[in-house]
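Trainee: Using only what follows, build the 3D model:
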Amino acid sequence: MMYPYMTLPDDTEIVHSEMRPDGKVKVYIETPDARDGFHHATCFLPDYEWTEISGYTEDEMEKYRTIV
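Mentor: Modelled structure (predicted):
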């Protein structure tokens, strides 16, 4: 199950999971996009391991890295 964390002014949603059995928490970021449908990225804490990044620029990802 994913839980809401925050919604940014551009409708980007940031949600997170409960702590998994391996001690990690999944953070998922999703932004609606008229052309592509959705941009998204996944981060696993506490390692800050980013995976499945799709549609975001490096500047956008830097903003999300700061938030997470």
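Trainee: Helix, strand, or coil at the residue nearest the centre of the chain?
Mentor: Central residue of the chain (Cα atoms, centre = their mean): residue 29, 2.4 Å from the mean position. Put simply, residue 29 is strand when judged by DSSP: H, G, I helix; E, B strand; the rest coil.
Trainee: list the contacts for it?
Mentor: Residues in contact with residue 29 (Cβ atoms under 8 Å, 6 or more residues apart in numbering) are 12-14, 40-43, 64, 68. The C-beta positions use only the backbone N, C-alpha and C, and glycine is treated the same way.
Trainee: ok, 6 Å please
Mentor: Under the criterion of Cβ atoms under 6 Å, 6 or more residues apart in numbering, the neighbours of residue 29 are 14, 41, 64.
Trainee: mind listing which of those residues are in helices?
Mentor: residue 64 (DSSP state H).
Trainee: among the contacts of residue 29, who's most crowded?
Mentor: Within these, neighbour counts (other Cβ atoms under 10 Å) peak at residue 41, which reaches 22 neighbours.
Trainee: what's residue 37 sitting at in phi/psi?
Mentor: phi 90, psi -80 (degrees, to the nearest 10).
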